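Student: Quick one, fold the following:
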Amino acid sequence: MSTGLQVAIDGPASAGKSTVAKLVAKKFGYIYCDTGAMYRAVTVAALQEEIAMDDTEKIADLAKKIKITFQPAEPEQLVFINGQEVTRDIRLPKVAKNVSAVAAIPAVRQEMTKQQRQIAAEGGIVMDGRDIGTTVLPNAPVKIFMVATAYERARRRYLENKQKGIVTSSLEELQRAIELRDKKDSTRKVSPLTQASDAIKLDTTNLTIDEVVEKISEIIKKTEKHLA
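Tutor: Got it, this is the predicted structure:
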C-alpha cells in the first residue's frame, strides 16, 4: 500500500525546484529525491576519473558502477558517491558547466531513471528535475512545472553561492550561463526539458519560497481528497 502521493516538480535551472521540493517533502513527511544531484554526482565522478566529457561510453559505464545515496541533514541533504561525500563538489562551477552534456547521454539517463523509479515505487515522494513528469514518473498524480525569468534565477543562484562561500562570476555571466543551460536542456534529443500536458505551471518570479510551498501544498491536499 502506498504511503503517499508521487509529486513531480520540473522546471529550468535555478527555478527553485530543489529548495521547494525539500520543504514540501518535509511538510508532508515524504521522501525527497534530488534527481539533479544524481546527474551532478555522475559528472563529479567522471571529472574525478578524468574521463573526457565527450567519451559517452565511459561515462555511461561509470553511471552503472557508482552508487549514489542521500542522507537527510540540515541545512541541506548530504550526497554520497560510493560512500564518499560530494555535497559541495556537485555545486562547483566546473560541474555546472558539464552536467548538461552528461545528462544528455541516453544510457546515463536510462540508468538514473531506473534508480529514480525504484526510489519512487512506494509513493510518498517528491522528485524534482527536468523530465520527472514526462519521463521518470509519467503517472504521478501531482505534476508541477516551475518557471521564473532568467534574471531572477541568476540572482537566486548568485545569492545561494555567496551564502555557501562559492566564488562565482558576475550576475550577468550567471544569467548568460543559465540561458545557455536552458537552450541545451530544451533542445537535447533525449528527454528534453518540456512541460507535461497535465502539469500545473507555476511562475515563481515574484513569489517567496513560502508562497510557492503553500501553493504546491494546496494542490497536493486537493489531489489527496480527490483520490481518497
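Student: from here on, contacts and neighbour counts on C-alpha atoms
Tutor: Will do.
Student: Just the mean pLDDT for stretch 95-114, thanks.
Tutor: Here stretch 95-114 scores 94 as its mean pLDDT.
Student: need the contact list for D54.
Tutor: Contact analysis of D54 by C-alpha atoms under 8 Å, 6 or more residues apart in numbering lists A101.
Student: So what does it have for phi and psi?
Tutor: Here is the backbone geometry of D54 (degrees, to the nearest 10): phi -100, psi 0.
Student: how close does V99 sit to K184?
Tutor: 11 Å (C-alpha to C-alpha, to the nearest Å).
Student: wait, I meant N98
Tutor: When distance is defined by C-alpha to C-alpha, N98 is 11 Å away from K184.
Student: And the next helix or strand past the host helix or strand of V95?
Tutor: Assigned by DSSP states H and E, V95 belongs to helix 93-103. Downstream of helix 93-103, the next assigned helix or strand under DSSP H and E is helix 106-120.
Student: Which residue ranges of the protein form helices?
Tutor: For the chain, the helices defined by DSSP state H cover 17-28, 35-48, 56-65, 93-103, 106-120, 150-164, 171-187, 209-227.
Student: Who are the packing partners of the longest one?
Tutor: Secondary structure elements in contact with helix 209-227, counted by 3 or more C-alpha pairs under 8 Å, 6 or more residues apart in numbering; DSSP states H and E, are helix 17-28, strand 142-147.
Student: go with 7 Å
Tutor: When contacts are defined as 3 or more C-alpha pairs under 7 Å, 6 or more residues apart in numbering; DSSP states H and E, helix 209-227 packs onto helix 17-28.
Student: how about the CA coordinates for the helix it packs on, as PDB?
Tutor: C-alpha atoms of helix 17-28 as PDB (Å, rounded to 0.1, in the frame of the first residue of the first chain):
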ATOM      1  CA  LYS A  17      12.800  23.400  -7.600                       C
ATOM      2  CA  SER A  18      15.200  21.700  -5.100                       C
ATOM      3  CA  THR A  19      14.500  24.200  -2.300                       C
ATOM      4  CA  VAL A  20      10.800  23.900  -2.700                       C
ATOM      5  CA  ALA A  21      10.800  20.100  -3.200                       C
ATOM      6  CA  LYS A  22      12.700  19.700   0.100                       C
ATOM      7  CA  LEU A  23      10.300  21.900   2.100                       C
ATOM      8  CA  VAL A  24       7.200  20.200   0.500                       C
ATOM      9  CA  ALA A  25       8.600  16.700   1.300                       C
ATOM     10  CA  LYS A  26       9.400  17.800   4.900                       C
ATOM     11  CA  LYS A  27       5.800  19.200   5.300                       C
ATOM     12  CA  PHE A  28       4.100  16.000   4.200                       C
END
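Student: Off-centre distance for that helix?
Tutor: Helix 17-28 sits 12 Å away from the centroid of its parent chain (C-alpha atoms, centre = their mean, to the nearest Å).
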